[in-house]
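Asks: 3D model of this:
(4 chains)
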Number of protein chains: 2
Amino acid sequence: MTDPEPTHDIEAVFREKGIPFTRQRRLIWDFFAGADRAATITEAADGLRSEGVGQATVYRTVALLGDLGLLARVQDRSGEICYTAPPIGHSHPLICGVCRRVVRFDGDGDVKELEARLSAATGFSIYGHHLEVYGICPDCRREEGAQA
Amino acid sequence: MTDPEPTHDIEAVFREKGIPFTRQRRLIWDFFAGADRAATITEAADGLRSEGVGQATVYRTVALLGDLGLLARVQDRSGEICYTAPPIGHSHPLICGVCRRVVRFDGDGDVKELEARLSAATGFSIYGHHLEVYGICPDCRREEGAQA
DNA sequence: CAGCGGTTGAGAACGGTTCTCACACGTCGT
DNA sequence: ACGACGTGTGAGAACCGTTCTCAACCGCTG
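Replies: Got it, this is the predicted structure:
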């Protein structure tokens, strides 16, 4: 069941839910999914303006994709809110705080166990978690070292 | 070194850094530290207006406390941004998505190991992580069950 | 007690996000 | 094929949370 190229299934996800997958939505999705690093809404809007995509649509679509679990919100070292397209399924981002490059990893094994413990200890019914790891990627570290 | 009542050390934290601990800052700190659930900036500003604390000061102080690591940003199930005062030291919040009650736990054992693996695998130098667990507390679950 | 740096409050300014509304598009029924 | 309808879209206005400005204030220090 683990799809090697889940990105292409987006259209199927929309179809299943009966949500139209329009030209604009495809463009916005491609923008985030095609980037190897997290991007802000403003960047997406700027980048897609020439394609005739309005910023209201970018906001709406990012919210929609977020609801569908297709876009994760992260932030860079300066605190700026960015979005990054995860592959379908559950994974966590390792983000370079400088260039916002995102590497995804599966840390659920570690977290699931923790959640079970927490649930038992507190009586909470746990419905989710949010795990991001921040670091500086090798490239940026080299640059920071150089200019320091 | 583990302080049983670290909350009272806030003043010391400020003093050490040479930052004045003013009346307003104390009120704002008490507001968050005294609550057993996460609160929004607006709530704090509303609650402290009668004490003569301006909203600009609330914003400034929340940012300051955040920088000092004394306030953590979380969000409830509706996505609203809230702040919660962690005890000094590293811990993670388990948040009730409905009433925003916060239970803190130490999940670092689980994460540290993961970070080491990630660092080795990717070459990133890891400087931090963000882990929150979301659930519904027993009280809210009872209520949701009742009205459903 | 005067001087001085840092903090504060009120209100203005700013900017990101959402809303409004007319129009375009695609779908479905006829 | 055609027309009505529901939905999505773009431009711009409106909104609202956040930040900035600036004069007044406070608590130090000498």
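Asks: Check which residues of the longest helix along chain A are buried.
Replies: When chain A is parsed with DSSP state H, its longest helix is helix A:108-122. Neighbour counts over helix A:108-122 (16 or more other Cβ atoms under 10 Å in any protein chain shown) mark A:110-111, A:114-115, A:118, A:122 as buried. In short, each C-beta sits where N, CA and C put it, glycine included.
Asks: pretty sure residue A:20 contacts residue A:14?
Replies: Yes: look at residue A:20 against residue A:14 with Cβ atoms under 8 Å: they come within range, at 7.0 Å.
Asks: that older thread, quick check: next helix or strand after the longest helix of chain A?
Replies: strand A:125-136 (DSSP states H and E).
Asks: which parts of chain A sit against DNA strand C?
Replies: Near DNA strand C, the residues belonging to chain A are A:41-42, A:55-56, A:59, A:63, A:81 when assessed by Cβ under 7 Å from any atom of the strand.
Asks: go again using 10 Å as the cut-off
Replies: Contacts of chain A with DNA strand C, taken as Cβ under 10 Å from any atom of the strand, map to A:18, A:20, A:22-23, A:40-42, A:44-45, A:54-60, A:62-63, A:73, A:80-81.
Asks: So which bits of chain A are right by chain B?
Replies: Contact residues (Cβ under 8 Å from any Cβ of the partner chain) of chain A with chain B: A:94, A:96-97, A:103, A:105, A:107, A:110-111, A:113-115, A:118-119, A:121-138, A:141.
Asks: out of those, which touch DNA strand D?
Replies: Checked against DNA strand D using Cβ under 10 Å from any atom of the strand, these give no members in range.
Asks: Among the residues you listed, the buried ones, what's the PyMOL command?
Replies: To isolate the buried subset of the residues of chain A next to chain B in PyMOL, counting by 16+ other Cβ under 10 Å, use the following:
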select buried, chain A and resi 94+96+97+103+105+107+110+111+114+115+118+122+124+126+129+130+131+132+133+134+135+136+137+141
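Asks: can you pull out the strands in chain A?
Replies: A:72-75, A:81-84, A:92-96, A:102-105, A:125-136 (DSSP state E).
Asks: got a list of contacts for the last one?
Replies: The reference is to strand A:125-136. Strand A:125-136 is contacted from outside by A:74, A:77, A:92-98, A:105, A:107, A:111, A:115, A:118-119, A:144, B:94, B:97, B:111, B:114-115, B:118-119, B:122, B:124-136, B:141, using Cβ atoms under 8 Å, 6 or more residues apart in numbering or on different chains.
Asks: How much space separates residue A:145 from residue A:139?
Replies: 11 Å (Cβ to Cβ, to the nearest Å).
Asks: Which one's more surrounded, these two?
Replies: Comparing residue A:145 with residue A:139 by neighbour count (other Cβ atoms under 10 Å in any protein chain shown), the higher total belongs to residue A:139, at 13 against 9.
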